[in-house]
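J.: sequence and predicted structure, then a few things I'm wondering about:
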Amino acid sequence: MSEDRKQNTVYGKYEAVIGLEVHAQMQTDTKLFCGCSTKFGSGPNSQTCPVCIGMPGVLPVLNRKAVEFAIKTGLAMHCSIAPYSRFARKNYFYPDLPKGYQISQYELPLCVGGHIEILVEGTVRKIGITRIHMEDDAGKNIHEAKGNYSFVDLNRAGVPLMEIVSEPDIRSPKEAAEYMRKVRSIVRYLGVCDGNMEQGSLRCDANVSIRPVGQETLGVKAELKNMNSFRFVERALEYEIKRQIKVIEDGGKVVQETRLWDSAAGVTQSMRSKEEAHDYRYFPEPDLVPMATAPELIAEIKAGLPELPDDKRKRFVSQFGLPEYDAELLTSEKALAAWYESAVSEGGQPKAVSNWIMGEVMRLLNESNKTIEECPIRPGQLAAMLRLIDNGTISGKIAKTVFEEMFMSGKDAETVVKEKGLVQISDEGAIEKAVDEVLAKSASEVERFRAGDDKLLGFFVGQVMKATKGKANPQLLNELLRKKLG
């Protein structure tokens with residue numbers, strides 16, 4: 001194990017063991033067992049019918065598109081697709097569960113035994129997938145500060161979910177966050193889930209325990225809920241791991257329970273004792289026949305899979321010569337990868353395009369709260385600006401000013417350069433004159449430089465750049481300064 005890996009997984013004499021249960025809302029138009037809309041943001045209880053609110057005597061009808069989405073996800077995560085699967089009733093009482101049970105899959109899930117890869121600290125880690133199964137979602141309880149009552153909105157009841165259950169292969173909060181990012185990336189590439197964590201269409205529960213380093217037996221686990229961002233996943237796990245270590249170091253015992261992440265306080269809080277499978281009294285769903293998955297359907301779905309993040313990352317490394325880090329970031333979103341490839345196809349040098357996307361493009365998008373799809377600069381415009389740097393029309397420093405103006409106005413680089421008078425000065429005589437003037441005003445600094453204070457070169461470059469309003473050709477400027485300073 002490398003030193004980085006040790007630091008990433010070991011807490012003193014303990015190590016963490018983490019498994020994640022990710023609930024992904026499938027991007028179907030209708031619910032899992034009825035024809036009600038799944039659209040987010042509609043008026044409370046406006047998207048319900050006798051089936052999804054659990055009226056007596058109604059019968060569920062399975063959504064074929066949801067099945068196809070689940071198979072597609074399983075194939076993308078290297079799972080085996082079961083030829084025969086079955087729905088089960090998961091019985092529990094909660095006000096937002098109108099039927100008194102959830103239709104899920106238990107002993108015969110649709111997808112089993114896969115894995116996904118994550119890149120952490122430059123190392124590729126393979127995280128096992130235990131199973132992916134389908135289930136319908138519960139409604140939503142709305143608790144308001146006033147009054148001693150709550151509201152129930154059943155619009156979400158019956159919405160189709162995939163539960164993606166990992167093996168307990170994750171060893172640090174950082175790995176857990178990266179795993180979540182990769183899951184989100186895959187389902188968005190496939191178009192089966194929008195991955196919107198704020199709206200609850202991608203949610204995560206974590207099972208976490210600790211054990212002494214070298215011990216094979218698993219410790220007692222706690223389940224963490226209410227983590228709706230990658231940052232919260234990482235922070236909640238970090239807190240819980242340290243909490244469990246403190247309990248043991250103080251002579252206590254970790255108890256199996258469900259804990260809620262309080263993001264405001266930065267702590268996990270006990271919610272209830274952890275349920276076991278038998279507490280839910282699972283039994284086969286009597287209103288749905290077992291599901292047989294035809295090999296022809298699996299083959300058809302597999303043939304239609306898009307290029308996925310891992311394959312695209314490897315191709316970016318081999319085709320464009322990018323470092324793994326660049327390729328991982330650029331392929332994290334399908335639209336971002338497409339934007340990058342378009343800029344390269346328009347003539348941008350692969351590494352230069354990557355640097356600008358990871359730097360200025362992402363900075364300006366974040367500051368303006370825009371996605372890459374909403375970027376006001378087209379890929380070809382970035383490529384054209386990079387050509388102005390390559391042919392010496394503008395410097396890299398000037399280019400940042402140009403690019404920011406392009407982002408704000410939507411204008412091409414050449415237009416901005418002309419309007420703002422930002423053409424780089426490459427006339428040797430003009431730069432030499434500016435250098436002579438700076439050196440004449442800086443006699444003491446020149447003497448110190450010639451006495452061995454090499455760091456002053458940056459001072460002289462800065463002064464000349466100031467005098468030329470940042471337009472001096474940096475390479476020519478450095479050559480002239482070194483020549484004149486001896």
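T.: Done, it's in. Numbers count the residues shown, from 1 in each chain.
J.: spatially central residue for this protein, please.
T.: Most central residue of the chain, judged by C-alpha distance to the mean C-alpha position with C-alpha atoms, centre = their mean, is R181 at 3.3 Å.
J.: that residue against S332, yeah?
T.: Yes: look at R181 against S332 with C-beta atoms under 8 Å: they come within range, at 6.7 Å. All C-beta atoms are positioned from the backbone trio N, CA, C, and that covers glycine.
J.: against Q463, how distant is the spatially closest residue to the residue nearest to the centre of the chain that is not a sequence neighbour?
T.: For R181, the nearest residue in space outside its immediate sequence neighbours is F230; the separation is 6.0 Å by C-beta to C-beta, 6 or more residues apart in numbering. To Q463, F230 is 45 Å away according to C-beta to C-beta, to the nearest Å.
J.: export the host helix or strand of the residue nearest to the centre of the chain as PDB, just CAs?
T.: Assigned by DSSP states H and E, R181 falls within helix 173-190. In PDB, the C-alpha atoms belonging to helix 173-190 read as follows (Å, rounded to 0.1, in the frame of the first residue of the first chain):
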ATOM      1  CA  PRO A 173     -14.700   9.600   2.800                       C
ATOM      2  CA  LYS A 174     -12.800  10.900  -0.200                       C
ATOM      3  CA  GLU A 175     -13.300   7.600  -2.000                       C
ATOM      4  CA  ALA A 176     -17.000   7.700  -1.100                       C
ATOM      5  CA  ALA A 177     -17.400  11.100  -2.600                       C
ATOM      6  CA  GLU A 178     -15.500  10.100  -5.800                       C
ATOM      7  CA  TYR A 179     -17.700   6.900  -6.000                       C
ATOM      8  CA  MET A 180     -20.800   9.100  -5.800                       C
ATOM      9  CA  ARG A 181     -19.500  11.400  -8.500                       C
ATOM     10  CA  LYS A 182     -18.800   8.400 -10.800                       C
ATOM     11  CA  VAL A 183     -22.300   6.900 -10.200                       C
ATOM     12  CA  ARG A 184     -23.800  10.300 -11.100                       C
ATOM     13  CA  SER A 185     -21.600  10.700 -14.100                       C
ATOM     14  CA  ILE A 186     -22.600   7.200 -15.500                       C
ATOM     15  CA  VAL A 187     -26.400   7.700 -15.000                       C
ATOM     16  CA  ARG A 188     -26.200  11.100 -16.600                       C
ATOM     17  CA  TYR A 189     -24.200   9.700 -19.600                       C
ATOM     18  CA  LEU A 190     -26.800   7.100 -20.000                       C
END
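J.: so Q47: helix, strand or coil?
T.: Under DSSP: H, G, I helix; E, B strand; the rest coil, the three-state class of Q47 is coil.
J.: which residues in the stretch 51-200 of the chain form helices?
T.: Assignment of helices within the stretch 51-200 of the chain using DSSP state H, counting those that start in this stretch yields the ranges 64-76, 173-190.
J.: just checking, what packs against the shortest one?
T.: In this structure, helix 64-76 makes packing contacts with strand 80-81, strand 111-120, strand 123-136, strand 160-166, helix 173-190, helix 295-303, judged by 3 or more C-beta pairs under 8 Å, 6 or more residues apart in numbering; DSSP states H and E.
J.: put together CSV for these, with distance to M26 and mean pLDDT on each row.
T.: Conversion of the helices and strands packed on helix 64-76 to CSV gives the following (distance: least, C-beta to C-beta, whole Å; pLDDT from 0 to 100):
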stretch, distance to M26, mean pLDDT
strand 80-81, 16, 97
strand 111-120, 13, 94
strand 123-136, 8, 95
strand 160-166, 4, 97
helix 173-190, 9, 96
helix 295-303, 14, 96
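J.: give me the buried positions along the top helix by length along the chain.
T.: With residue count as the measure and DSSP state H as the assignment, the chain has helix 230-249 as its longest helix. Along helix 230-249, the positions that meet the burial threshold by neighbour count (16 or more other C-beta atoms under 10 Å) are 230, 232-241, 243-245, 248.
J.: what of stretch 457-473?
T.: For stretch 457-473, the neighbour count (16+ other C-beta under 10 Å) marks 460-461, 463-465, 467-468, 470-473 as buried.
J.: kindly report the same for stretch 299-309.
T.: By neighbour count, with 16+ other C-beta under 10 Å as the criterion, the buried positions of stretch 299-309 are 301, 308-309.
J.: picking that back up, the residue nearest to R181 and G191: what is the separation?
T.: Computed with C-beta to C-beta, the distance linking F230 and G191 is 21 Å.
J.: using PDB, write out every CA atom in stretch 119-133.
T.: What follows is stretch 119-133, C-alpha atoms only, in PDB (Å, rounded to 0.1, in the frame of the first residue of the first chain):
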ATOM      1  CA  LEU A 119      -9.600   7.700  -9.600                       C
ATOM      2  CA  VAL A 120      -8.300   8.800  -6.200                       C
ATOM      3  CA  GLU A 121      -4.900  10.400  -5.600                       C
ATOM      4  CA  GLY A 122      -3.800   9.200  -9.000                       C
ATOM      5  CA  THR A 123      -4.700   5.600  -8.200                       C
ATOM      6  CA  VAL A 124      -7.600   3.700  -9.900                       C
ATOM      7  CA  ARG A 125      -9.800   1.800  -7.400                       C
ATOM      8  CA  LYS A 126     -12.400  -0.800  -8.400                       C
ATOM      9  CA  ILE A 127     -15.500  -0.700  -6.200                       C
ATOM     10  CA  GLY A 128     -17.800  -3.700  -6.300                       C
ATOM     11  CA  ILE A 129     -21.500  -3.400  -7.000                       C
ATOM     12  CA  THR A 130     -23.600  -5.900  -5.000                       C
ATOM     13  CA  ARG A 131     -26.800  -5.300  -6.800                       C
ATOM     14  CA  ILE A 132     -29.000  -2.800  -8.600                       C
ATOM     15  CA  HIS A 133     -32.800  -3.200  -8.000                       C
END
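J.: ok now it, how far from the chain's centre?
T.: How far stretch 119-133 lies from its chain's middle: 14 Å, per C-alpha atoms, centre = their mean, to the nearest Å.
J.: pretty sure S185 is touching E333, no?
T.: Yes: using C-beta under 8 Å as the test, S185 is close enough to E333 to be in contact (6.9 Å).
J.: following the record's annotation, map out the domains of this protein.
T.: Using automatic domain parsing, the domain parsing of the chain gives 3-302, 307-420, 428-485.
J.: before we move on, back to that, for the helix holding R181, the distance to its chain's centre please.
T.: Here helix 173-190 shows a centroid-to-chain-centroid distance of 5 Å under the convention C-alpha atoms, centre = their mean.
J.: report the buried residues of it.
T.: Applying 16+ other C-beta under 10 Å to helix 173-190 flags 173-190 as buried.
J.: list the helices and strands it packs on?
T.: When contacts are defined as 3+ C-beta pairs under 8 Å, 6+ apart, helix 173-190 packs onto helix 3-9, strand 14-25, helix 64-76, strand 111-120, strand 123-136, strand 202-212, helix 230-249, helix 309-320.
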